[in-house]
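Colleague: Build me a model from this:
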Amino acid sequence: MADSVEKQETVGDIREWRSIVTLIVFVVTNIIVLFPFKITVFIPYVLSDGFLALLRAARILPARRRPREDDGHLFLRLRFPLNTVTAPLIADLFLLAILAIGRQEVSDGTIGADNINPLDIMVFFITLAYIAISIDASGLIRYLAFKVLQWGGDVGHRLFFFLYSFFFVLGSFIGNDPIILSGTAFLAYMTRVSSNIVHPRAWIYSQFAVANIASAVLVSSNPTNLVLAGAFHIKFIEYTASMIVPVVMTAIFLFPFLLYIVFANEALIPISIKIAELPEEARHKKPVNPNIPHARGTEEDEEDQFNDRGKLISLEEIMNPFLDKGGAIFGAGVMAATLVTILVLNATKSATREDEVESDDMSIIEERPAFLATVPAAVIMLLWDLGFGWLNRHETRDIARRGRHDLERARAERAVKEREAEDGSLQQEETAVSKTGLALGPVHPFQPPHQPIDANGEQKDAPGRGEEITSTVRMAESRGSGDSERARQLEAEIVREMERRRTPKETTLVSLATDAYRWASETFPTAVAVLSELPYALIPFAFSMFILVQALVTKGWVQVFAHGWDNWVNKTGNIGAVGGMGFLAVCLCNFSGTNIGTTILLSRVIQAWQGIHDLDGNPISERMFWATVYSMALGVNYGAFSTALSASLAGLLWRDILAKKHIHIRRLDFARVNLPIIAIAMTVGCAALVAEVYIKWGEAPYHGAK
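Modeller: Have a look, this model is predicted:
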């Protein structure tokens, strides 16, 4: 009877127009997150010019060097992005404007409600992320990957197994983000300097999959696990004990499937891998901290991996990696101590709760949030990075100064070359030199002389533009006095161009901020690098999604979804609970605001489902409840490597890192490659979980966490 009354009240809630609008806004927002785009906004030039003039008058922006060209248009066109950050935020503001949500929903979506505490979760995750990314910045992950490369040798299948195991073990402890940050770049470099790996597909997709599989082991490895553990009062050690078997079984069975079925192609995983040898001079050179600005060369060298200089940088990243031994050891120690402290805090908190509930004294339950361990640890790690940077500031500033000088010279050379190309002098010079056979002949000033295309339609290595003009100058110096005079003229023009670019500029707030950032990055390179890599976009996204899901709760939609889930499990039983929730979680990761939004939504649905049975006086069995919860845990972690890059923020980060290394991932390719991987991973994981729930839990009623 109570169930019938509740269903009628729920239907009444969802028929109200604000409830319908809330659901529509939720769906549209998730579609935008899945397919981000930009909209054109027209602003009258009168307003934009007036606003910019005000900023210049306040010395925030520098004075305009030249007047704005009058193109005859009255409006300025701006491209406003609608993505994971802006779309959920705009959706919340819209719902506030129509009074679909109010202060209570905003409070519950930020401070917390029903054992889900977004603020605690975000503080915990960001502070723990600082420690993990600091370990990555020390070079430890890349150095260990180099050692794995040495152990694997040139045997392709053995190296693939070693890297697969390495990423899984390391990802289990520090999470998927550090593995993606450092491991993705390492694999991009390794596959590029190998002469017989035609495409990096097998290596990068396997790394992405295993990193997200490994992140399901510990609660601290993924924010989705934090949401789930908090929602259902799961002890961290209990979570790991329940997830370790399905996750390890998935990793074991997935490896041969990847090696012998999905990527069974010698062009992807050769039997014998041929990696270029590092030159003797570079082999004995002291590795430079890549966190120092311009430490590895000019910006052109870092971004254009097709030229010889860029290829050498790639090879040095692999064969002679930088390692800050002190930072790596200290960071690993801090991370280990933090994880142990978190487990102890979580265990004692749960024990205290049980004792107090048994004594019927609910007023003195003392919560000990996990961030009580991570905040001090992150502060200690930050102080270490700052102190280490300050002690070595003279060396790092000198390295940055030399790199900045090389960058300025490269830009000046390019500017001189472009000016000479305009008046035809460069063309004449190249033609004259080519008659002697010492140059490559007339070329377009903005392109390398020749870039051959390989079998895949990709450009092979070719000399960079900066090297081209430098070699021309050197050849000219080696020829007679006339060419030597020309070389001196080129050098003088380059020097003048560099001096002109160094002309003091007007002091503004922007210039002061730029100078301050440069000083900080050269003085404290590791701390600044880590702070710049923190997943800040996760904060507004997560809070906005929490509020949106809370809106669905208050408008009755979550209760409707809970009734639907209740009907499903009543018909399919425990096996249906595992398979159905796993399938639902993976699908929703691609359509409900990444795996974080999916975890928030499904946690609320399961809580509402439990509430339905509590009202009926017919509680869910322990086996059914935990089968549902842990299959959701599998789905939201594995769902990151399913059909959409936006299924997780880690996927967007992975795509961006690869794009910087000239490896572009298309949406259709991502889905096509990952579909068989997610199919086998979820099949194995759910099968292992079914066996576990029948062994570990019984049909006793589940009455909620103590």
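Colleague: going forward, measure contacts and count neighbours with C-alpha atoms only.
Modeller: Noted.
Colleague: quick one: the strands in the protein?
Modeller: 37-44, 75-82 (DSSP state E).
Colleague: Comparing those strands, which stretch has the densest surroundings?
Modeller: strand 75-82 (a mean of 14; mean count of other CA atoms under 10 Å).
Colleague: ok, it: who's next to it in the sheet?
Modeller: strand 37-44 (antiparallel) (DSSP bridges).
Colleague: Quick one: mean pLDDT over stretch 216-236.
Modeller: Averaged across stretch 216-236, the pLDDT comes to 87.
Colleague: and the end-to-end length of it?
Modeller: Using CA to CA, to the nearest Å, the end-to-end distance of stretch 216-236 comes out at 12 Å.
Colleague: roughly how far is that stretch from the heart of the chain?
Modeller: 19 Å (CA atoms, centre = their mean, to the nearest Å).
Colleague: repeat for stretch 532-544
Modeller: 11 Å.
Colleague: Please apply the same query to stretch 315-326.
Modeller: With CA atoms, centre = their mean, you get 22 Å for stretch 315-326.
Colleague: go on, stretch 378-398?
Modeller: Taking mean C-alpha positions (CA atoms, centre = their mean), stretch 378-398 and its chain are 25 Å apart.
Colleague: likewise stretch 34-46?
Modeller: Centre-to-centre, stretch 34-46 and its host chain are 26 Å apart (CA atoms, centre = their mean).
Colleague: for stretch 599-609, same thing?
Modeller: In terms of CA atoms, centre = their mean, the gap separating the centre of stretch 599-609 from the centre of its chain is 26 Å.
Colleague: any low-confidence regions in the stretch 301-450 of the chain?
Modeller: Applying pLDDT under 70 to the stretch 301-450 of the chain flags residues 301-314, 347-368, 423-450.
Colleague: re the thing from before, want to try CSV for the strands of the chain, with distance to residue 273 as columns?
Modeller: Formatted as CSV, these follow (distance: least, CA to CA, whole Å):
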stretch, distance to residue 273
strand 37-44, 41
strand 75-82, 43
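Colleague: For those, please prepare CSV with the additional fields mean pLDDT.
Modeller: Formatted as CSV, the strands of the chain follow (pLDDT from 0 to 100):
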stretch, mean pLDDT
strand 37-44, 90
strand 75-82, 88
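Colleague: how about those, which one is nearest residue 30?
Modeller: Closest to residue 30 of the strands of the chain, according to CA to CA: strand 75-82, at 11.1 Å.
Colleague: Show me where the stretch 451-600 of the chain dips below the pLDDT cut-off.
Modeller: In the stretch 451-600 of the chain (pLDDT under 70), the answer is 451-483, 503, 593.
Colleague: still on that earlier bit, among the strands of the chain, which is nearest residue 398?
Modeller: Once those are compared by CA to CA, strand 75-82 is nearest, at 39.2 Å.
Colleague: can you tell me which of the strands of the chain comes nearest to residue 670?
Modeller: So among these, strand 37-44 is nearest, using CA to CA, at 18.9 Å.
Colleague: who's in contact with the closest one?
Modeller: 74-83 (CA atoms under 8 Å, 6 or more residues apart in numbering).
Colleague: ok, now stretch 238-252?
Modeller: 168, 210, 213-214, 216-219, 229, 630, 681-682, 684-689.
Colleague: Isn't residue 221 up against residue 176?
Modeller: Yes: using CA atoms under 8 Å, residue 221 is in contact with residue 176, at 6.9 Å.
Colleague: Looking only at neighbour counts, state which of those two leads.
Modeller: The neighbour comparison of residue 221 against residue 176 (other CA atoms under 10 Å) goes to residue 176, with 28 against 24.
Colleague: Just give the number of residues close to the nearest residue to residue 122 once chain neighbours are set aside.
Modeller: Closest residue to residue 122 apart from its sequence neighbours, by CA to CA, 6 or more residues apart in numbering: residue 539 at 6.7 Å. For residue 539, the neighbour count with other CA under 10 Å is 16.
Colleague: Residue 539 against residue 124, yeah?
Modeller: No: checked against CA under 8 Å, the pair residue 539 and residue 124 is beyond contact range at 11.6 Å.
Colleague: contacting residues around residue 132?
Modeller: 174, 178, 331, 335.
Colleague: if we go to 10 Å?
Modeller: Neighbouring residues of residue 132 by CA atoms under 10 Å, 6 or more residues apart in numbering: 126, 173-179, 221, 331-332, 334-335, 378, 381, 530, 534.
Colleague: What subset of those residues is buried?
Modeller: The neighbour-count test (16 or more other CA atoms under 10 Å) marks 126, 173-179, 221, 331-332, 334-335, 378, 381, 530, 534 as buried among these.
Colleague: pLDDT wise, what is residue 673 at?
Modeller: So, for residue 673, pLDDT stands at 93.
Colleague: got the contact list for it?
Modeller: Residues in contact with residue 673 (CA under 10 Å, 6+ apart) are 201-202, 205, 262-263, 641-643.
Colleague: Break the chain into its domains for me.
Modeller: 37-82, 390-448+461-533 (automatic domain parsing).
Colleague: thought the residue nearest to residue 122 was touching residue 89?
Modeller: No: counting by CA atoms under 10 Å, residue 539 does not reach residue 89; the two are 11.2 Å apart.
Colleague: I'd like to know how many residues surround residue 697.
Modeller: Neighbours of residue 697 using other CA under 10 Å come to 15.
Colleague: The one 4 residues further on now?
Modeller: The tally of other residues near residue 701 (other CA under 10 Å) stands at 14.
Colleague: Chain neighbours aside, what residue packs nearest to it?
Modeller: Here the residue nearest residue 701, using CA to CA, 6+ apart, is residue 621, at 4.3 Å.
Colleague: from what I can see the one you found touches residue 694, true?
Modeller: No: here residue 621 lies out of contact with residue 694, judged by CA under 10 Å, at a distance of 11.7 Å.
Colleague: which residues do these two both contact?
Modeller: 574, 627.
Colleague: hang on, the earlier thing: pull out the buried members of the contacts of stretch 238-252.
Modeller: In the contacts of stretch 238-252, burial by neighbour count holds for 168, 210, 213-214, 216-219, 229, 630, 681-682, 684-689, counting by 16+ other CA under 10 Å.
Colleague: In space, what's closest to residue 521 - neighbours in sequence excluded?
Modeller: residue 528 (5.5 Å).
Colleague: show me what contacts the one you found?
Modeller: 291-292, 382, 385-386, 389, 517-518, 520-522.
Colleague: Buried among these? Make that a ChimeraX selection.
Modeller: The ChimeraX selection below is limited to those of these classed as buried (16+ other CA under 10 Å):
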select :291,292,382,385,386,389,518,520,521,522
